[in-house]
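> Sharing a model prediction with you, sequence too.
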Amino acid sequence: QVRLVESGGGLVQAGASLRLSCAASGGTFSHYDMGWFRQAPGKERESVPAIMWSGTSTSGADSVKGRFTISRDNAKNTVYLQMNSLKPEDTAVYYCAARLLGTSVYQWWGQGTQVTVSS
């Protein structure tokens, strides 16, 4: 069983930056693809960047391309989401998720961290 705990969310003004962290425990971190997702009230869950076990990353939704960057530190069992130039429309609960390499479904999810961007 993999446990994921997000941190780093908060209330910021538009244009600011935040870095979210997701600490994993209970598995071999380097064997997992890690993804960040977000969900705003009344909206569907949206994929933001993901990073594979190999270190290859995906950029996620068009709305975050060029502003959000994902990275991982396998020694610390942690994945990060650096968010720059934040906009009010980035307001959402952000979740990290893990899936075993070679699989397509994210099986483990964190509890989420709230990010609120004021205009």
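Arrived safely, thanks for sending. Since the model is a prediction, treat every value here as computed from it, not as a measurement.
> helices or strands next to the helix or strand of the chain with the lowest mean pLDDT in the packing?
Least confident helix or strand, the chain: strand 57-58 with a mean of 88, by mean pLDDT, DSSP states H and E. In terms of contacts (3 or more CB pairs under 8 Å, 6 or more residues apart in numbering; DSSP states H and E), strand 57-58 is packed against strand 46-51, strand 68-73. All C-beta spots, glycine's among them, are computed from the backbone N, C-alpha and C.
> Pull up the pairing partners for that strand, direction included.
Each strand paired with strand 57-58, and its direction, by DSSP bridges: strand 46-51 (antiparallel).
> So in terms of bridging, what pairs with A23?
Under DSSP bridges, the beta-bridge partners of A23 are V5, T78.
> Pull the number of nearby residues for V117.
Summarising burial for V117: neighbours were counted as other CB atoms under 10 Å, giving 20.
> List the contacts of it.
By CB atoms under 8 Å, 6 or more residues apart in numbering, the contact set of V117 is 11-14, 16, 86-91.
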